[in-house]
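1. Starting from these lines, generate the structure:
(one chain, ligands or ions: 1)
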Amino acid sequence: LATKERKLFAQLKDKVDAVAFTNGTEPNIDLSFFWVTGIPNGIFEGGVAIATPRTVEVISSELEELSARTSGVRTTVYRTMKQREELVRKRFSRFDRIGVNSEELTYANYKFFRKCAGKTKLIDVSESIEKARVIKSEDEISRIQKACDITSKTAKAIPEFISEGMTETAAAAELNYMMMKLGATTTAFTTNASFGPATAEPHYTPAGRRLGKGQLALFDFGAQYMRYAADLTRTFVCSKPNAKQIEMHRVVLEAQLAAIDAIHGGAHGKEVDAAARDIVERSTFKGKFIHGTGHGLGVSVHDPGGIRMSKDMILEPGMVMTVEPGVYISGFGGVRIEDDVLVTKEGCRVMTRAPKELIRL
Ligand SMILES: [Mn+2]
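-> Residues are numbered from 1 along each chain as shown. Prediction:
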């Protein structure tokens, strides 16, 4: 039996007999549906997954019938919405208490579940789902590693295909193209290619800005492989860096290495965050590290879990986290260096590999 159901039901303090997931219309898809079924492809609008401690069943439309059946998950196909409702009603009637995922279930689908449930109780178990999702199984780790390998190879090649005069959108297109040529299913999120002052905005969306001499160039991107995400950031400079850019990069790299060093099974996320943050706070860039040090990685690029001041989380072996300190100076630019790590008992395994020095484009 897959470990995911076991992990999920082990987490459930409120005892439920089953947990049900369903999807709205793209992009209102519950990624936990893909987490619990392990199905690597398809959209599954309206698809339903029902997990018990022993089984997972998918109730799918005809649009993903083959994907569902070949995934190895028990599959029942509906041809009409009336059939979908009848199937869900029949399954739900076997249970007294069913868990639902309030974090990702649309209100319309909650009403649908409520209608199908009759006297059966629906209980929000989203916290337990989060806790189960944060520890990755072997299969999940291997999918993330593959996504990381593709992303790392692409990062290493950046100096070969990005140069002065190129627009941010063209640079993002090159990154996306290379990741998919290397076997990525798709991109894990909208690729951020930012130049010059735009590098100061961590969640920037690429636009028409052209890379100019002396500007920083920041790339935050990741492959998705069989539903699992990688997330990597590297910062370059066009032509010759100035003293401020060199110092920003030096401080961020020192902070990132300190955070990676602080990670091990049993470490507090807060302590790891502090290891990075203290270095920035003691530098001339005090106050310029404006986000947490890292987040979980899995079926979602911002998966449950986080390495940050405001979150009480103990790192456990099997968690996959990003480590990504940065400094941002409005109007000037930013530097961020991000890798993905698998927490182990003794430390961590860095899953992304690409040079970290300030490379010239
Ligand atoms: Mn990230």
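2. what number of residues lie near the residue in the stretch 151-300 of the chain that the ion sits nearest to?
-> Minimum separation of the stretch 151-300 of the chain from the ion (Cβ to the ion) falls at D231, amounting to 4.1 Å. No exception for glycine: its C-beta is placed from N, CA and C like everyone else's. Using other Cβ atoms under 10 Å, D231 has 28 other residues around it.
3. Which residues are in contact with it?
-> Counting by Cβ atoms under 8 Å, 6 or more residues apart in numbering, D231 touches 151, 188-189, 220-222, 297, 301, 322, 324, 338, 340.
4. Could you check the longest helix along the chain against the ion for contacts?
-> In the chain, with assignment by DSSP state H, the single longest helix is helix 138-161. No. Taking Cβ under 5 Å from the ion as the criterion, helix 138-161 and the ion are apart, separated by no less than 11.5 Å.
5. That helix: how far from the chain's middle?
-> From the chain centre to the centre of helix 138-161 is a distance of 14 Å (Cα atoms, centre = their mean, to the nearest Å).
6. got the angle for the helix or strand bottoming out on mean pLDDT in the chain vs helix 138-161?
-> Per-element confidence for the chain was summarised using mean pLDDT, DSSP states H and E. The lowest value among helices and strands belongs to helix 3-11, with a mean of 82. With axes from the mean of the first three to the mean of the last three Cα atoms, to 10 degrees defining the directions, helix 3-11 sits at 120 degrees from helix 138-161.
7. Just give me how far helix 3-11 sits from the chain centre.
-> Between the mean C-alpha point of helix 3-11 and the mean C-alpha point of its chain there is a distance of 20 Å (Cα atoms, centre = their mean).
8. Now tell me what touches that helix from outside.
-> Contacts of helix 3-11 (Cβ under 8 Å, 6+ apart): 19, 35-36, 38, 51-56, 128-129, 131-132, 135, 137.
9. buried sites along that helix?
-> 4-5, 7-9, 11 (16 or more other Cβ atoms under 10 Å).
10. As JSON lines, those residues with distance to E64 would be great.
-> What follows is these, written out as JSON lines (distance: Cβ to Cβ, whole Å):
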{"residue": "K4", "distance to E64": "20"}
{"residue": "E5", "distance to E64": "21"}
{"residue": "K7", "distance to E64": "25"}
{"residue": "L8", "distance to E64": "22"}
{"residue": "F9", "distance to E64": "26"}
{"residue": "Q11", "distance to E64": "28"}
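11. Would you mind putting the CA coordinates of the least confident helix or strand of the chain into CSV?
-> Below are the C-alpha coordinates for helix 3-11, written out as CSV (Å, rounded to 0.1, in the frame of the first residue of the first chain):
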residue,chain,number,x,y,z
THR,A,3,2.7,5.3,2.2
LYS,A,4,0.7,8.4,1.4
GLU,A,5,-2.7,7.1,2.6
ARG,A,6,-1.0,5.7,5.7
LYS,A,7,0.7,9.0,6.4
LEU,A,8,-2.6,10.8,5.9
PHE,A,9,-4.7,8.6,8.2
ALA,A,10,-1.9,8.5,10.8
GLN,A,11,-2.2,12.3,10.9
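12. Name the next helix or strand downstream of it, please.
-> Per DSSP states H and E, helix 3-11 leads on to strand 18-22 as the next helix or strand towards the C-terminus.
13. List buried members of the contacts of helix 3-11 by neighbour count.
-> Buried members of these, counted by 16+ other Cβ under 10 Å: 19, 35-36, 38, 51-52, 56, 128-129, 131-132, 135, 137.
14. so what's the spatially closest residue to S310 that is not a sequence neighbour scoring on pLDDT?
-> Across the structure, with Cβ to Cβ, 6 or more residues apart in numbering as the measure, the residue nearest S310 apart from its sequence neighbours is G292 (7.6 Å). We note a pLDDT of 96 for G292 in this prediction.
15. can you pull the contacts of G292?
-> 273, 306-311.
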